[in-house]
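Trainee: Let me see the structure of the following:
(2 chains)
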Amino acid sequence: MVGIKSYGTYIPWYRIDRMVIYGAMGWLNPVGLLPGEKAVASYDEDSLTIAVNAAMDCLNGIDRNTIDGVYFASVSLPYKVRQNAAIIATALDLRPDIRTADFTSCTKAGTTALVAACDAIKAGSAKKILVCASDCRPTRAGSSQEQAYGDAAAAILVGEDDVIAELQEVHSLSYDFADRWMADFDRFDRTSEDRWIRDEAYTKFISEVILGLAKKHSLSPKDISKLALPSLYAREDAGIGKRLGLEPGQIQHHLLDAVGHCGTAHPLVLLAAALEDSNPEDNIVVTSWGSGGDALLFRATGKVGDLRDKKKGVKKALASKNMLTNYAKYTSFRNVGSVALGMRAETGVPWDQKPLSWRNRKSLLGLVGSRCKKCGTPQFPAQRVCVNPSCKAIDQMEEYRFSDKKGQLFTYTEDYLGFTLNPPALYGMIDFEGGGRFNFEVTDCEPGSLKVGMPVEMSFRRKFVDEKRGTYFYFWKVTPARE
Amino acid sequence: MGSIKDKVAIVGMGCTKFGERWDAGPEDLMVEAFTECIDDAGIQPKDIQAAWVGTQFTEVNQGVSGLPLAQALKLPFIPVTHVENMCASGSEALRGACYGVASGVYDIALAVGVEKLKDVGYGGLPEMALGAAGKYDSLVSPNMTAPGMFAMMATRYFARYGLSPEEGKLMLAKVSSKSHHNGTLSEKAHLRREAPVEVIVKAPIVAWPLGLYDCCGVSDGSAAAIVVRADMAKNFRPDPVYIKALQIAASSGEEMMYTDYDYTHVETTTRAAAKAYEEAGIKNARAEISMAEVHDCFSITEAVTMEDLQFSPRGKVKEDIDAGRFNLDGEQPIQTDGGLKCFGHPIGASGLRMMYEEYKQLQGKCGPRQVKNPKFGLTHNLGGFPPRCVISTFIVGL
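Mentor: Purely as a prediction, here's the structure:
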């Protein structure tokens, strides 16, 4: 059965007490103090180096020539182009005829890489795959991220035979929820309001993914030995456990007070910590967060204790440390960015307001409107009260997708006044086949070519870029129908 | 349902010079209109018991709430309410004053409309993101401009009635040319030059098929009115102007999202006008309305509005335009002061600026542009764009 053959972690030697950060930057962010300390990669470390060191811990005693792939997950990849996993594989002196890949862009990527590795083994295309997850996320001085984020790496070797824990079940969710984001031109990630993240998504998604996993596997909460939660908010994790009917002892400690939140590595570090303390037959559930979430159920085998003495693991790594007492030294090591002024410092009206975009994601990204179940009228945007003047039924709507409907140009203009990168702005009202009308930009055509009644089709486009807030906004436009 | 007819009267009005008022902020404009207004009514600021102020783009103006008006005019701790209903905001302020007085709670109320558009640093109206559209609408709609939104009505009108672009543009040019002529006779107007039809049709395109002269100006300005109970109006002056009808209508959304709407008329105007005529007891608007200031933000808007107000039969406005019906010397003069075309459109001020013209015309004070023996004057505002708009219509008379 597919499962974990080995694990390793790397927690940098340097730590900083959050009070040191607060002492330096609390004047700017007086409510931002979190308890405990966090791990800090040294001036000569980054997410790639600490991943290699975690892999070294994981591969201790394992023949490198038997490894068929390296999957590397991180949201702080040193290279955007030049594969980071290939650098890790070379540093580990692995065979060249292996499969390597980087997994990135959300903190869920660590568990996603782990699931992908298990799937490859199940499919028979590899015998052993090394999964590394690591993050050293740069932060701004005085930001909430500076308090929360820590640097750490984990490595998990996945294989088929003699595993220490078998993968029993996986459940995944994908939601385009922008709790944090970084555009391609950004150096630091940006976060939305914590209350919105916590109440509208975090607690909901994590419960949903765990309950989905439990349902698939007919798993009762009391059968979980250790539940590793994504630890975005320490206090919420206790609440999630309680709502699921778990005892506090069933929740794996979050390490936020000792390491900090280490991004893609976090679920894998907690998995390694759980494996260190597990007994045969223990059920370990690991969850992750970011653009949805993953939940994985492992069952420890009789071999789970065999590796303990061969690993540095989490406990020993935590014990080995050197406290940074000088904030300036910390910022110099980590290349901390300019002062975090916060969203209130960004003047002007933001185009894309994250809660609004999330609430309306089906219409804004999917061009989903509604159709009245009573009279059959399609309408965009989705309405609560039917727009048909002879119907006006309330709350009788079903979802109705317009993106795959053809339409006709009902009327149009060529506008030389409004801003567009490609003047004049062409736009008009579209009547959809089957009903429904709305105004859209017309693109991929030349001025002078539009005609009332001409056939058009929908095309997904970039609508604007908000560079101040690192946001791209996408929407649908129409193009003249192409043969 | 009750009626406002003859319950309240306007006994004083003021109006600033409209234009690119680089010299004046919103406070200056409000004071300028207010001073003329109370002098005209023969009252003191302390006599005013309640006030309403209409402005749309609060972000580029004096800000929200009734405070800017109260503080600019030093009104003595009375109720002051800010209203916003797009281009009908000024008329909405007047409506507040009329209903406040009609309710019997106040005897004397003030309505002010003001808009300071020229501080944004570019021509045309401010970006819609600065207050005209909700956030969601901004995200799903094209970056539409006002001329573009109304150009789409011209596109449809030409297509429906079989007008070639040349024929259509010529019809619209006559609308603008007429208003430009009237503007030359109007001292407070922004644009005061004749614009011959042959110049208009050749002007640069702003939003096809509308060219530069099809669009009204963008300017700064303010206008104000004093409203009193009808039974006390003659204590203030011998020629008060009585409100005969006052209607507001807002689109239901069906024009925008349901496919029955033809985009060659404005449903909201049609509905508001019918109600106003009923309220005023007018049976035949073409024959009985002496003159009107309508919302000629664009030439096509005025043309279509003539049909929506029943001044011209559906699809026949071209015949009336060609016959000169709406010229100053025609049977039913429209935009006698030059309209939005020549005054420009400081949004919150326009409704009250229109009323200022009807008020002065009814009192016979318009000199070279005076209409002979007017009986009923009508004002009309269209806020938004044809399939999604707010309409205000007032009918006034002596």
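
Trainee: Give the buried residues for the helix or strand hosting residue A:120.
Mentor: Assigning secondary structure by DSSP states H and E places residue A:120 in helix A:109-122. Buried residues in helix A:109-122, defined by neighbour count with 16 or more other C-beta atoms under 10 Å in any protein chain shown: A:109-121. C-beta: built from backbone N, CA, C; applies to glycine.

Trainee: which neighbours does the next helix or strand after it have in its sheet, and in what orientation?
Mentor: Using DSSP H and E, the helix or strand that follows helix A:109-122 towards the C-terminus is strand A:129-135. Strand pairing for strand A:129-135, determined by DSSP bridges: strand A:69-73 (parallel), strand A:152-159 (antiparallel).

Trainee: tilt between the first one and helix A:109-122?
Mentor: In this case it means strand A:69-73. Orientation of strand A:69-73 against helix A:109-122 (axes from the mean of the first three to the mean of the last three C-alpha atoms, to 10 degrees) gives an angle of 160 degrees.

Trainee: ok, now the last one?
Mentor: Note on geometry: by the same axes, to 10 degrees, strand A:152-159 and helix A:109-122 are set 10 degrees apart in direction.

Trainee: After strand A:152-159, which helix or strand is next?
Mentor: Using DSSP H and E, the helix or strand that follows strand A:152-159 in sequence is strand A:165-174.

Trainee: Helix, strand, or coil at residue A:96?
Mentor: Look at residue A:96: counting by DSSP: H, G, I helix; E, B strand; the rest coil, its state is coil.

Trainee: go on, the one 4 residues further on?
Mentor: In terms of secondary structure, residue A:100 is strand; the call rests on three-state DSSP.

Trainee: by contact count, what packs against the worst-scoring helix or strand of chain B on mean pLDDT?
Mentor: Ranked by mean pLDDT, DSSP states H and E, the weakest helix or strand in chain B is helix B:135-140, scoring a mean of 86. Here helix B:135-140 touches helix A:354-359, helix A:361-366, strand A:471-480, going by 3 or more C-beta pairs under 8 Å, 6 or more residues apart in numbering or on different chains; DSSP states H and E.

Trainee: Would you mind putting the CA coordinates of that helix into PDB?
Mentor: Listed next in PDB are the C-alpha coordinates belonging to helix B:135-140 (Å, rounded to 0.1, in the frame of the first residue of the first chain):
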ATOM      1  CA  LYS B 135     -18.700  48.300  -7.000                       C
ATOM      2  CA  TYR B 136     -20.200  45.200  -8.500                       C
ATOM      3  CA  ASP B 137     -21.500  47.200 -11.500                       C
ATOM      4  CA  SER B 138     -18.100  48.600 -12.000                       C
ATOM      5  CA  LEU B 139     -16.700  45.100 -12.100                       C
ATOM      6  CA  VAL B 140     -19.100  43.700 -14.700                       C
END
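
Trainee: close to chain A, is the next helix or strand after it?
Mentor: Using DSSP H and E, the helix or strand that follows helix B:135-140 towards the C-terminus is helix B:146-160. Yes: on the criterion C-beta under 8 Å from any C-beta of the partner chain, helix B:146-160 is in touch with chain A at B:147, B:148, B:149, B:151, B:152, B:153, B:155, B:156, B:159.

Trainee: Tell me what angle the next helix or strand along the chain from helix B:146-160 forms with helix B:146-160.
Mentor: Where DSSP H and E defines the elements, the next helix or strand beyond helix B:146-160 is helix B:165-184. Following the same axes, to 10 degrees, one obtains 130 degrees for the angle between helix B:165-184 and helix B:146-160.

Trainee: How about helix B:165-184 and chain A, touching?
Mentor: No: shown here: helix B:165-184 not in contact with chain A (C-beta under 8 Å from any C-beta), separated by at least 11.1 Å.

Trainee: what packs against the next helix or strand after that helix?
Mentor: Moving toward the C-terminus from helix B:165-184, the next helix or strand (DSSP H and E) is helix B:197-200. With contacts taken as 3+ C-beta pairs under 8 Å, 6+ apart, helix B:197-200 sits against helix B:165-184.

Trainee: How many neighbouring residues does residue B:269 have?
Mentor: Number of residues near residue B:269 (other C-beta atoms under 10 Å in any protein chain shown) recorded here: 26.

Trainee: Against chain A, how distant is it?
Mentor: To chain A, residue B:269 is 17 Å away according to C-beta to the nearest C-beta, to the nearest Å.

Trainee: Which of the three states applies to that residue?
Mentor: helix.

Trainee: Can you tell me the closest non-neighbouring residue to it?
Mentor: Leaving aside its chain neighbours, residue B:269 sits nearest to residue B:308 (3.8 Å; criterion: C-beta to C-beta, 6 or more residues apart in numbering or on different chains).

Trainee: ok, now residue A:356?
Mentor: The shortest distance from residue A:356 to any non-neighbouring residue, by C-beta to C-beta, 6+ apart, is to residue B:135 (5.6 Å).

Trainee: Repeat that for residue B:394.
Mentor: Using C-beta to C-beta, 6+ apart and skipping the chain neighbours, the partner closest in space to residue B:394 is residue B:379 (4.6 Å).

Trainee: for the one you found, helix, strand, or coil?
Mentor: Under three-state DSSP, residue B:379 comes out as strand.

Trainee: Show me what it bridges to in the sheet.
Mentor: In this entry, residue B:379 is beta-bridged to residue B:293, residue B:394, by DSSP bridges.

Trainee: So it is in contact with residue B:356, correct?
Mentor: No: between residue B:379 and residue B:356 there is no contact under C-beta atoms under 8 Å: 9.6 Å.

Trainee: Find the residues that touch each one of those two.
Mentor: Residues touching both residue B:379 and residue B:356 (C-beta atoms under 8 Å, 6 or more residues apart in numbering or on different chains): none.

Trainee: show me the residues around residue B:211 that make contact.
Mentor: Counting by C-beta under 8 Å, 6+ apart, residue B:211 touches B:169, B:200, B:201, B:202, B:203, B:204, B:205.

Trainee: packing partners for the helix or strand hosting residue B:245?
Mentor: Element membership of residue B:245 [criterion: DSSP H and E] is strand B:241-250. If contacts are counted by 3+ C-beta pairs under 8 Å, 6+ apart, strand B:241-250 sits against strand B:8-15, helix B:89-102, helix B:267-280, helix B:347-362, strand B:388-397.

Trainee: what is the orientation angle of it with strand B:388-397?
Mentor: Going by the same axes, to 10 degrees, strand B:241-250 makes 170 degrees with strand B:388-397.

Trainee: Which helix or strand lies directly C-terminal to strand B:241-250?
Mentor: helix B:254-257.

Trainee: how far is that next one from where the chain is centred?
Mentor: 24 Å (C-alpha atoms, centre = their mean, to the nearest Å).

Trainee: what about dumping the CA coordinates of it to CSV?
Mentor: The C-alpha trace of helix B:254-257 is given here as CSV (Å, rounded to 0.1, in the frame of the first residue of the first chain):
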residue,chain,number,x,y,z
GLU,B,254,-36.3,45.2,-17.1
GLU,B,255,-35.0,47.5,-19.8
MET,B,256,-31.4,46.5,-19.0
MET,B,257,-31.8,42.7,-18.5
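
Trainee: ok, for residue B:216, nearest residue in space, not its chain neighbours?
Mentor: Setting aside the residues directly before and after it, residue B:216 is nearest to residue B:340 in space (C-beta to C-beta, 6+ apart), at 3.8 Å.

Trainee: Next: residue B:67.
Mentor: Closest residue to residue B:67 apart from its sequence neighbours, by C-beta to C-beta, 6+ apart: residue B:80 at 7.3 Å.

Trainee: quick revisit: any idea which of the buried residues of helix A:109-122 is the one closest to chain B?
Mentor: residue A:109 (28.3 Å; C-beta to the nearest C-beta).

Trainee: Surely the closest one and residue A:131 touch.
Mentor: No: applying C-beta under 8 Å as the test, residue A:109 and residue A:131 come out as separate, 10.5 Å apart.

Trainee: Find the residues that touch each one of these two.
Mentor: residue A:73.

Trainee: one step back: what comes into contact with the helix holding residue A:120?
Mentor: The contact list for helix A:109-122, computed with C-beta under 8 Å, 6+ apart, reads A:2-3, A:69, A:71-75, A:99, A:101, A:103, A:126-129, A:131, A:133, A:154, A:156, A:158-160, A:167, A:170, A:172, A:263-268, A:286-288, A:290, A:294, A:296.
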